[in-house]
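[1] need the 3D shape of this:
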Amino acid sequence: MKIAMVGTGYVGLVTGTCFSEMGNDVICVDVDAKKIAKLENGILPIYEPGLADLVRTNVEKKSLRFTTEIQEALDRSEIIFIAVGTPMGEDGSADLQYVLGVAHEIGQGMTHPLIVVDKSTVPVGTADKVRAAVQEELDKRGSDLSFDVVSNPEFLKEGTACDDFLKPDRIVVGADDESAMQVMQELYRPFILSDDAFIAMDIKSAELTKYAANAMLATKISFINEISNICERVGADVNKVRKGIGSDHRIGYKFIYPGCGYGGSCFPKDVQALIRTGKEFGYDAQILTAVEDVNARQKMVLVEKVVRQ
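    As a prediction, this is how the structure comes out:
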């Protein structure tokens, strides 16, 4: 299939490269001309095991190319992925300016029917906004071109992203149109190792799935830090407690290591965005608020320990 990937950050570059590895014709777009020039010469903006070799191989096979011109990508593609950043806004909500900016560009430049895929981590309702932005530009042009909007959240882990994509434990796709869903199933068919790995659902459920997954992992981190603080006070060994509960397969060992709490580029903004989404719809997400409070307190606890030492 002919695919365009808008955004060559962590998600966009890994996704585009892995699609090309499976025989698709992929063009990756970015506004950063210096980054594109480096990528064309095999210099990657990130380190991820195995990614550089995949990029080099597929560039040589001409199944992967890079450009700063979104029009070139629109002219060549059947499916266009939006994989740009969604930083946290001042109020905790996800900043969609880059996602919607791409949507407007798609509406301005598309020359044939397209499937537009939200790959960025976005809150519930974003697909509606993307659809409206594309349609607004088509209306300005007096164009009756058709398009579908699909949600396809990513679940990549740093350090294993290529393996995660090429051998996924699940692929979540949200679509309201059956033909668009069938195209996505065909696109992902080479990656599906079991029949239940491809999880089809409505768009809003797919949009929420990514946030729910990260919020659950963040909850496990805050939970074990609460247990760690209780252990210190009662004279228990949190590492032994961790082993005791982690051996229960319903809980597992992952994300129950006590420490300074969660940080990074995903958990803080995704938990905040989910709390914000709840508030927008009149719901107070008390567990998630507690997860954030525990995380903030844990950081202060460790700072105080360092100061005392």
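[2] can you list the low-confidence ranges for the protein?
    302-309 (pLDDT under 70).
[3] switch to 80 and redo it
    Counting by pLDDT under 80, the chain contains low-confidence ranges at 90-92, 193-195, 265, 301-309.
[4] what comes up buried for the helix ranked longest in it?
    With secondary structure taken from DSSP state H, the chain has its longest helix at helix 203-234. Using 16 or more other Cβ atoms under 10 Å as the test for burial, helix 203-234 gives 203-204, 206-211, 214-215, 217-228, 231. No exception for glycine: its C-beta is placed from N, CA and C like everyone else's.
[5] now the strand or helix carrying E137 and helix 203-234, what's the angle there?
    Here E137 sits within helix 126-141, counting by DSSP states H and E. Orientation check (axes from the mean of the first three to the mean of the last three Cα atoms, to 10 degrees): helix 126-141 against helix 203-234 gives 150 degrees.
[6] from T111, how far off is G85?
    Distance of G85 to T111, computed by Cβ to Cβ, to the nearest Å: 27 Å.
[7] more crowded one of these two?
    Higher neighbour count among G85 and T111: G85, with 17 against 11, using other Cβ atoms under 10 Å.
[8] you'd agree that one is in a strand?
    No. G85 sits outside any strand when classified using DSSP: H, G, I helix; E, B strand; the rest coil, being coil.
[9] how about the helices in the stretch 151-300 of the chain?
    In the stretch 151-300 of the chain, the segments counted as helices under DSSP state H, counting those that start in this stretch are 161-166, 178-188, 203-234, 238-246, 267-280, 286-308.
[10] how about those helices in CSV, adding distance to C18?
    Formatted as CSV, those follow (distance: least, Cβ to Cβ, whole Å):
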stretch, distance to C18
helix 161-166, 4
helix 178-188, 11
helix 203-234, 18
helix 238-246, 31
helix 267-280, 23
helix 286-308, 32
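[11] nearest to Y98, of those?
    Y98 lies closest, by Cβ to Cβ, to one member of the helices of the stretch 151-300 of the chain: helix 267-280, at 13.8 Å.
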